[in-house]
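*Asks:* predicted model, plus sequence, below.
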Amino acid sequence: MIELKNVNMNFRGNQTLKDINLTIEQGEIMVIIGPSGSGKSTLLRMIIGLLKPTSGEVWVNNREITQMPEDELNKIRLEMGMVFQYSALFDSMTVGENVAFGLRQHSDMPEEEIWRTVRRKLRMVGLRGKENAMPNELSGGMKKRVSLARAIAIDPHIVLYDEPTAGLDPIMSNTIDRLIVSTRRMIRATSVVVTHDMSSAFSIADRIAMIYGGSIIEIGTPDVIKQSENPIVAKFIRGATA
Ligand code: ADP
Ligand code: MG
């Protein structure tokens, strides 16, 4: 479903990602962990085509996207939804308009059907009846859920999450984790979740990849990661869990 082949990314001479090879299977929840600044967000932005690697290939749904013209890339993006680290809602639009945004951009769906879809997606994230609220009336956790409803509005095949539980209390984090898992089930989406939260990583992941200094230093099931003999992985897991 998603494949990165020998991907390198340099920012002004600094090598942020080094020779990344990663295959993410259809329907899988792949969790990416690693210290701050290790290149996790860069990796996500590459998968959704917001960044082009300095070298290497990014394949999405059996198509190589790095050399794709913008209009074709836009079509590929229709198959993806992204929950950004800072919810990134449009503050001047209602919750409903925020969720409708992608639907309006990417389809000629009639207005009535747009609102049916908006209400259904808001119900899925536990925000029934909130379509007329303004984002600034909502808590951080609710904003995050609006952002999730917006990401899944177009029924994407792939959902990318950048630190979806950052700044949330444990109960809300847990709610978001369960939504990630139920979203995968309901729309059968392949999910890539960047998180700093180990309990979240271990509870939702099919596989976990740890990035360190721009390289994947360990990858496997939660059990494999827990039992990793790589001292950097072991130390990171202990530190981040404590
Ligand atoms: P993470 O999400 O793991 O915290 P990032 O992917 O955001 O890490 O960043 C990895 C490194 O790449 C950091 O050192 C960051 O400063 C650098 N970086 C990220 N994006 C840019 C950019 N657009 N321009 C220059 N440097 C960047
Ligand atoms: Mg980041």
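*Replies:* Yep, that arrived. The model shown is predicted, which means the values in this text are computed figures rather than measured ones. Ligands and ions are numbered 1, 2, ... in the order given.
*Asks:* return the distance of Phe236 relative to Pro35.
*Replies:* The spacing between Phe236 and Pro35, counted by CB to CB, to the nearest Å, is 7 Å. In short, each C-beta sits where N, CA and C put it, glycine included.
*Asks:* do Val146 as well
*Replies:* Applying CB to CB to Val146 and Pro35 gives a distance of 29 Å.
*Asks:* neighbour count for these two, which is higher?
*Replies:* Under the criterion of other CB atoms under 10 Å, the comparison of Val146 against Pro35 puts Val146 first, with 26 against 16.
*Asks:* can you tell me the distance between the two ends of stretch 59-69?
*Replies:* 14 Å (CA to CA, to the nearest Å).
*Asks:* which outside residues touch it?
*Replies:* In this structure, residues lying in contact with stretch 59-69 by CB atoms under 8 Å, 6 or more residues apart in numbering are 1-5, 47, 49, 52-53, 56-58, 73, 76, 79-80, 157-158.
*Asks:* what residue ranges in this protein score low on pLDDT?
*Replies:* 240-242 (pLDDT under 70).
*Asks:* got the residue ranges for the helices in it?
*Replies:* Remark: helices assigned in the chain by DSSP state H are 40-47, 70-77, 95-106, 111-124, 140-152, 170-187, 198-204, 222-226, 231-241.
*Asks:* any chance of those in TSV, with distance to Met210 too?
*Replies:* Listed next are those as TSV, based on distance: least, CB to CB, whole Å:
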stretch	distance to Met210
helix 40-47	10
helix 70-77	27
helix 95-106	31
helix 111-124	31
helix 140-152	24
helix 170-187	19
helix 198-204	10
helix 222-226	7
helix 231-241	5
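*Asks:* possible to save these as CSV with distance to ligand 1?
*Replies:* Output for the helices of the chain, formatted as CSV (distance: least, CB to the nearest ligand atom, whole Å):
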stretch, distance to ligand 1
helix 40-47, 3
helix 70-77, 18
helix 95-106, 23
helix 111-124, 27
helix 140-152, 17
helix 170-187, 18
helix 198-204, 14
helix 222-226, 17
helix 231-241, 12
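*Asks:* thinking again about what came up before, inside strands: which ones of the contacts of stretch 59-69?
*Replies:* Using DSSP state E, the subset of these located in strands is Ile2, Glu3, Leu4, Lys5, Gly56, Glu57, Val58, Met80, Ile158.
*Asks:* now, of those, which are buried?
*Replies:* By neighbour count, with 16 or more other CB atoms under 10 Å, these hold Ile2, Glu3, Leu4, Lys5, Gly56, Val58, Met80, Ile158 as buried.
*Asks:* thought the last one was touching Ile187?
*Replies:* Okay, so that is Ile158. No. Using CB atoms under 8 Å, Ile158 is not in contact with Ile187; the gap is 10.1 Å.
*Asks:* about what we covered before: could I get the ones in strands among the contacts of stretch 59-69 as CSV with distance to Ser107?
*Replies:* Shown next, in CSV, are those (distance: CB to CB, whole Å):
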residue, distance to Ser107
Ile2, 24
Glu3, 28
Leu4, 29
Lys5, 32
Gly56, 32
Glu57, 29
Val58, 25
Met80, 15
Ile158, 18
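*Asks:* which single one of these is nearest to Phe11?
*Replies:* Nearest to Phe11 out of the ones in strands among the contacts of stretch 59-69 is Gly56 (CB to CB; 15.0 Å).
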